[in-house]
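**Student:** Got a predicted structure plus its sequence, pasted below:
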Amino acid sequence: MTWRAPTADDRRIAWLWAVCAVSAVALRPVWLALTPLVPACPWHRLTGFACPGCGTTRAVVRLLRLDFAAGFAMNPLSFTTAAAFLILGVAAPAWIALAGRVPEPSPGPKWGWGLAAAAGLGLNWAWLVATGV
Amino acid sequence: MSEMLPPIDPSTPPPPSAPPSASPLPWEAPDAKLKAIFPTVVEFVRRPLAAYGRMSLAVDLVRPIAYFVALILIKVIIEVAWSLPQHGKLVETYRTTLEQMGQGAMWEQIAPYLNRPGLLYTVLVVASPLIYLILLFVWAGLVHLSGSVLGASSAGFSGTLRVIAYAATAGVASIIPFVGGLVGLIWFLVLTMIGLSVVHRADGWKAALATLAPLLICCLCCAGVTAFSIFVAGQSLTPR
């Protein structure tokens, strides 16, 4: 991984990210109204155990209601990802404007990333099953 | 002293000129107007491989994103046009389903929204570009992450974003009644695979896996339910 000066595309992406993050918060009433339409997890209903994505909707709803501790407990991975999406999205244009550098992954497969992602998903799933989400 | 060029052999054919650069997509032409959207849609419907080959990685990112937003608006308007005449029936079916699932309380919560179709569909059409823009960004991030793990991300995140923005062409499948949404979803995934393989110069299997990996992870539970159901059905059908 190297760090390089931002390109025109990076500036556009930073602004798009900011628009998405701000819109996600601005659309809070719509998300909260849509939440009841999300069906219950069929895996959980059938087996009694959480699936890897269980609690995501509840975690995001608690994030939107600024109930951070409860949101994190619902699904740590989804909560952290959603929070990072919002915070980094708002910060991205400022970072680019202040001539911050952007990461450039090295070419070729990155099996280490894959292992890290699988480990993260596995640990998160273990947490969900252990806490009975 | 002047240098002399070697004499030209008249029997030797002239060297081939450089191949003409592919013409840009109609939507990406410098003088493109809004009506350029239709030939671009036709291009992606008829020759997606060639269309992604003509897609520029240098043109302003606003162009593909504007195309995405326009196609989403068309898709949502078509879907609303299909849903509106059958709104009462759809709501009744949904209410019955919820009650059968023992989710009557949920129905009480959402009934005020569903029983005002004018307001519901207006909010849907107005909010859909923003909602889908968020989905575009998040989905592109997940696909790009999968592509990076597999080594199918040479054109960067903006390349993946452009591919998925143009894959929104599949939204025109909404014009097919009843199954348009499903057809559009499958078509969208296929277009994304084609685009990733062209833009990132990736093997087909890598492009396919990068596209499907986020879905497979999300649907792990669905796959688990299917496997569990088959197992239970098998157990109950086995003679004892």
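**Tutor:** Great, that's in hand.
**Student:** so where does residue 88 fall, helix or strand?
**Tutor:** Using chain A. Assigned by DSSP states H and E, A:Leu88 belongs to helix A:76-97.
**Student:** meant chain B actually
**Tutor:** Secondary structure from DSSP H and E places B:Gly88 in helix B:87-100.
**Student:** Next, please give the residue ranges for the helices of the chain.
**Tutor:** You didn't pick a chain, so chain A it is. Along chain A, the segments classed as helices by DSSP state H run A:8-26, A:28-34, A:42-47, A:56-64, A:68-74, A:76-97, A:111-131.
**Student:** not quite, I wanted chain B
**Tutor:** B:37-46, B:48-54, B:62-83, B:87-100, B:104-114, B:117-150, B:156-167, B:180-199, B:204-218, B:220-237.
**Student:** Next, name the residue at the spatial heart of chain A.
**Tutor:** A:Thr81 (2.3 Å; CA atoms, centre = their mean).
**Student:** picking up where we left off before, will you turn the helices of chain A into JSON lines that also has distance to B:Val179?
**Tutor:** Glycine gets a C-beta too; all of them are placed from N, C-alpha and C. Formatted as JSON lines, the helices of chain A follow (distance: least, CB to CB, whole Å):
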{"stretch": "helix A:8-26", "distance to B:Val179": "30"}
{"stretch": "helix A:28-34", "distance to B:Val179": "24"}
{"stretch": "helix A:42-47", "distance to B:Val179": "22"}
{"stretch": "helix A:56-64", "distance to B:Val179": "27"}
{"stretch": "helix A:68-74", "distance to B:Val179": "35"}
{"stretch": "helix A:76-97", "distance to B:Val179": "31"}
{"stretch": "helix A:111-131", "distance to B:Val179": "33"}
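**Student:** Rebuild the ones you listed as a markdown table, extending it with distance to chain B.
**Tutor:** A markdown table is the format used below for those (distance: least, CB to the nearest CB, whole Å):
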| stretch | distance to chain B |
| --- | --- |
| helix A:8-26 | 4 |
| helix A:28-34 | 6 |
| helix A:42-47 | 4 |
| helix A:56-64 | 9 |
| helix A:68-74 | 16 |
| helix A:76-97 | 7 |
| helix A:111-131 | 4 |
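**Student:** Give me whichever of these is most buried.
**Tutor:** Comparing these by mean neighbour count (mean count of other CB atoms under 10 Å in any protein chain shown), helix A:56-64 ranks first with a mean of 21.
**Student:** For it, which helices and strands make contact with it?
**Tutor:** In terms of contacts (3 or more CB pairs under 8 Å, 6 or more residues apart in numbering or on different chains; DSSP states H and E), helix A:56-64 is packed against helix A:28-34, helix A:68-74, helix A:76-97.
**Student:** Make JSON lines from the ones you listed and add mean pLDDT to it.
**Tutor:** Shown next, in JSON lines, are the helices and strands packed on helix A:56-64 (pLDDT from 0 to 100):
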{"stretch": "helix A:28-34", "mean pLDDT": "80"}
{"stretch": "helix A:68-74", "mean pLDDT": "95"}
{"stretch": "helix A:76-97", "mean pLDDT": "95"}
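**Student:** ok, the nearest residue to B:Glu28 once chain neighbours are set aside to A:Leu88 distance?
**Tutor:** In space, not counting the residues next to it along the chain, B:Glu28 is nearest to B:Val59; the distance is 4.7 Å by CB to CB, 6 or more residues apart in numbering or on different chains. The gap separating B:Val59 from A:Leu88 is 26 Å, by CB to CB, to the nearest Å.
**Student:** Check A:Asp10 too.
**Tutor:** In terms of CB to CB, A:Asp10 sits 14 Å off from A:Leu88.
**Student:** Over to B:Val199?
**Tutor:** With CB to CB as the criterion, B:Val199 and A:Leu88 are 25 Å apart.
**Student:** And for A:Arg101?
**Tutor:** 15 Å.
**Student:** How about B:Val42?
**Tutor:** Relative to A:Leu88, and taking CB to CB, B:Val42 is found at 38 Å.
**Student:** now do B:Gly195
**Tutor:** Counting by CB to CB, the gap from B:Gly195 to A:Leu88 is 26 Å.
**Student:** before we move on, back to that, does the residue nearest to B:Glu28 touch B:Ala29 like I think?
**Tutor:** No: using CB atoms under 8 Å, B:Val59 is not in contact with B:Ala29, being 9.3 Å away.
**Student:** Return every residue with contacts to both of those two.
**Tutor:** Both B:Val59 and B:Ala29 lack any common contact, where contact means CB atoms under 8 Å, 6 or more residues apart in numbering or on different chains.
**Student:** Run through the chain and note the low-pLDDT ranges.
**Tutor:** As the question left the chain open, I've gone with chain A. Residues of chain A meeting the criterion pLDDT under 70: A:37.
**Student:** wrong chain, I was asking about chain B
**Tutor:** B:1-21, B:101, B:218-240.
**Student:** re the thing from before, among the helices of chain B, which is the most enclosed?
**Tutor:** The most buried one of the helices of chain B (mean count of other CB under 10 Å) is helix B:156-167, showing a mean of 25.
**Student:** what about that one and chain A, touching?
**Tutor:** Yes: Helix B:156-167 comes into contact with chain A (CB under 8 Å from any CB of the partner chain), by way of B:156-158, B:161.
**Student:** ok, and the closest non-adjacent residue to A:Val22?
**Tutor:** Per CB to CB, 6+ apart, closest to A:Val22 is A:Val90, 7.0 Å.
**Student:** and if you look at B:Pro129?
**Tutor:** B:Val69 (4.8 Å).
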